[in-house]
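Trainee: Structure, please.
(one chain, ligands or ions: 1)
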Amino acid sequence: MSTIEKPQLDLNQIRNDFPILKQTINGHPLVYMDNAATSQKPKTVIDSISNYYSEYNSNVHRGVHTLSQLATDLFEKSRESVSHFISSESSANIIWTRNTTESLNLVARTWGEENLSSGDNIVLTSMEHHSNLLPWQKLAQDKKAELRFIPVLKDGTLDLNQVESLITDKTKLVSIVHTSNSLGTINPVKKIGEIAHKHNAKILVDGAQSVPHEPVDVIDLDCDFLAFSSHKMLGPTGIGVLYVKNSILENMEPFFRGGEMVLQATLKDATWNELPMRFEAGTPNIADVIGFDAAIEYLNKIGMSNIHNHEKSLVEYALKQFKKLDNVTVYGPEDAEKRGGIISFYSANLHPHDIGTFLDSYGIAVRTGHHCTMPLMKILGVPATARASLYLYNTTKEIDVLVETLQEAIRYFTHAKR
Ligand code: C6P
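Mentor: Take a look at the predicted model:
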């Protein structure tokens, strides 16, 4: 669809669907720009969780009674919705976890344990979130494998010239963040995946910041693993997703062992349940899986391409407005086409935490800190950044409020230092 044809989002209607956005913070209307940390939830999501507990609270896959069957049907319907949402082969490829972090650890502790040997390597990037770094550090230490990193260039993109030489026949896994939570950069994971596959390596995509914001199709990307979290895409906390390609999933050993993941058990041994239940030992987070379905329904109703286009135009606008600010560096690519709705910035004159506190006094929520990407902060040469991260309900008017308040903060702190 061309830009001209693209339907505009009905922001009044959308904002109306999110009860939390109606409040004031410190006497100012809430401007919520901490969506990369966690998104807000529409009323339909909140209601669906509450309905589960008030109308059909029951365990899943375990009961013949009516409530248990209803809960099981809605629990599995959510899995179907997620499967459609990322165009996966089937719902059997969707494993529920607690969050992206658990999904990544699951791959490291199952597939990684089984498939890595001494002398192998894992290729990451220097912009990874700690959740896509620390599990591989541990695995590499245990297996005497090597970690390799695709460097980040000054413009916040990856040095793609190095990819061909970093990925070799000794590479078992390439694990890459799709959209950087600290830079906003959208990485060419499909292209990097093609190179990985040429060497028979697997490609894992950390989709924590991409799946909530743009259409992601696992078949088109041809990724072997995809990890993401419900709470960053209008859904509840406590639910994550791990997508695994069929050929790999069938041979993966379970992560946790216990109830529900077992087919037959004797006192000495056990065999495993069908996929994906094999990876879901114990009573799952039923209410939040069902709440996640309502989030997916909401996102589908608005349309992921529409959300992506909306954020692209917000970022384009924000990047222009930020140019008005003296001595403020914005990280990540200048071209809005190459980035998601994340604006990380730093000013040598202002500590990011001071910026965060100042903005909060005007009702503006941003995140400050290293954003769980300490190695990247070191590369950028800053201790931390302030980060505004946008979503479907943010407006250009809110960006104006952010930039005007930042101007005020610069004036205030410059004056205070004199
Ligand atoms: N980033 C942020 O404010 P969890 O916490 O498991 O749902 O997601 C972990 C994670 C993994 N990868 C990326 C790219 C992420 O951005 C995150 C979460 C949040 O940037 C919290 S640190």
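Trainee: just for the stretch 101-250 of the chain, where's the confidence low?
Mentor: Within the stretch 101-250 of the chain, no stretch has pLDDT under 70.
Trainee: residues from it in reach of the ligand?
Mentor: Residues of the stretch 101-250 of the chain found near the ligand (CB under 6 Å from any ligand atom) are 101, 129, 131-132, 177, 181, 206, 208-209, 229. For every residue, glycine as well, the C-beta is placed using N, CA and C.
Trainee: Give me the phi and psi angles of residue 203.
Mentor: Main-chain torsions, residue 203, degrees, to the nearest 10: phi -120, psi 130.
Trainee: Once you drop chain neighbours, what's closest to it?
Mentor: Distances taken as CB to CB, 6 or more residues apart in numbering put residue 193 closest to residue 203, at 3.8 Å, once the chain neighbours are dropped.
Trainee: ok, the one you found - how many residues close by?
Mentor: By the criterion of other CB atoms under 10 Å, residue 193 has 21 neighbours.
Trainee: Please name every helix or strand in contact with the one helix or strand it maps to.
Mentor: Assigned by DSSP states H and E, residue 193 falls within helix 189-198. Under the contact criterion of 3 or more CB pairs under 8 Å, 6 or more residues apart in numbering; DSSP states H and E, helix 189-198 touches helix 163-166, strand 171-177, strand 202-206, helix 218-221.
Trainee: of these, which approaches residue 326 most closely?
Mentor: Evaluated with CB to CB, the helices and strands packed on helix 189-198 place strand 171-177 nearest to residue 326, the distance being 31.2 Å.
Trainee: Name the strands paired with that closest one and say parallel or antiparallel.
Mentor: Using DSSP bridges, the strands paired with strand 171-177 are strand 121-125 (parallel), strand 202-206 (parallel).
Trainee: most surrounded residue in the residues of the stretch 101-250 of the chain next to the ligand?
Mentor: residue 206 (31 neighbours).
Trainee: Was I right to think it contacts residue 130?
Mentor: No - counting by CB atoms under 8 Å, residue 206 stays clear of residue 130, with 11.1 Å between them.
Trainee: Check which residues of stretch 312-319 are buried.
Mentor: For stretch 312-319, the neighbour count (16 or more other CB atoms under 10 Å) marks 312-315, 317-319 as buried.
Trainee: Could you do stretch 129-147 as well?
Mentor: Here stretch 129-147 shows 129, 131-136, 139-140, 143, 145 as buried, counting by 16+ other CB under 10 Å.
Trainee: The helix holding residue 193 versus strand 171-177: what angle between them?
Mentor: Relative orientation of helix 189-198 versus strand 171-177 (axes from the mean of the first three to the mean of the last three CA atoms, to 10 degrees): 170 degrees.
Trainee: Just to be sure, residue 387 is in a strand?
Mentor: Yes - applying DSSP: H, G, I helix; E, B strand; the rest coil, one finds residue 387 inside a strand.
Trainee: now it, which residues is it bridged with?
Mentor: Per DSSP bridges, the residues bridged to residue 387 are residue 344, residue 367.
Trainee: Show me how far the biggest helix by length in the chain is from its chain's centre.
Mentor: Longest helix of the chain, by residue count under DSSP state H: helix 396-417. Chain-centre distance of helix 396-417: 29 Å, with CA atoms, centre = their mean, to the nearest Å.
Trainee: residues making contact with it?
Mentor: Applying CB atoms under 8 Å, 6 or more residues apart in numbering, the external contacts of helix 396-417 come out as 31, 33, 314, 317-318, 321-322, 324-328, 347, 349-350, 354-355, 358-359, 362, 364, 366, 388.
Trainee: repeat that with 6 Å
Mentor: Outside helix 396-417, the residues that touch it by CB atoms under 6 Å, 6 or more residues apart in numbering are 31, 317-318, 321, 325, 350, 355, 358-359, 362, 364.
Trainee: between the buried residues of stretch 312-319, which is nearest the ligand?
Mentor: Nearest to the ligand among the buried residues of stretch 312-319: residue 315, at 16.3 Å, using CB to the nearest ligand atom.
Trainee: outside of the helix or strand containing the closest one, which residues touch it?
Mentor: Assessed by DSSP H and E, residue 315 sits inside helix 304-322. Helix 304-322 is contacted from outside by 6, 9, 213-215, 330, 336, 341, 343, 390, 392, 394, 396, 399, 403, using CB under 6 Å, 6+ apart.
Trainee: Buried only: go through the residues you listed for me.
Mentor: Listed as buried from the contacts of helix 304-322 are 9, 213-214, 330, 336, 341, 343, 390, 392, 394, 399, 403; burial here means 16+ other CB under 10 Å.
Trainee: Can you get me a residue count around residue 88?
Mentor: Using other CB under 10 Å, residue 88 has 22 neighbouring residues.
Trainee: let's number from 27 now, not from 1
Mentor: Shifting the count to begin at 27 puts that one at residue 114.
Trainee: Strands along the stretch 77-226 of the chain, start to end?
Mentor: For the stretch 77-226 of the chain, strands defined by DSSP state E, counting those that start in this stretch occupy the ranges 120-123, 147-151, 172-176, 197-203.
Trainee: Reformat those as a markdown table; add distance to residue 226.
Mentor: Listed next are these as a markdown table, based on distance: least, CB to CB, whole Å:
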| stretch | distance to residue 226 |
| --- | --- |
| strand 120-123 | 23 |
| strand 147-151 | 13 |
| strand 172-176 | 16 |
| strand 197-203 | 8 |
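Trainee: now residue 131: how far from residue 157?
Mentor: 8 Å (CB to CB, to the nearest Å).
Trainee: repeat for residue 60
Mentor: With distances taken as CB to CB, residue 60 is found 18 Å from residue 157.
Trainee: And residue 125, by the same measure?
Mentor: Counting by CB to CB - residue 125 and residue 157 are separated by 8 Å.
Trainee: quick revisit: could the buried ones among the contacts of helix 330-348 go into JSON lines alongside secondary structure?
Mentor: Shown next, in JSON lines, are these (three-state DSSP):
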{"residue": "35", "secondary structure": "coil"}
{"residue": "239", "secondary structure": "coil"}
{"residue": "240", "secondary structure": "coil"}
{"residue": "356", "secondary structure": "strand"}
{"residue": "362", "secondary structure": "helix"}
{"residue": "367", "secondary structure": "coil"}
{"residue": "369", "secondary structure": "strand"}
{"residue": "416", "secondary structure": "coil"}
{"residue": "418", "secondary structure": "coil"}
{"residue": "420", "secondary structure": "coil"}
{"residue": "425", "secondary structure": "helix"}
{"residue": "429", "secondary structure": "helix"}
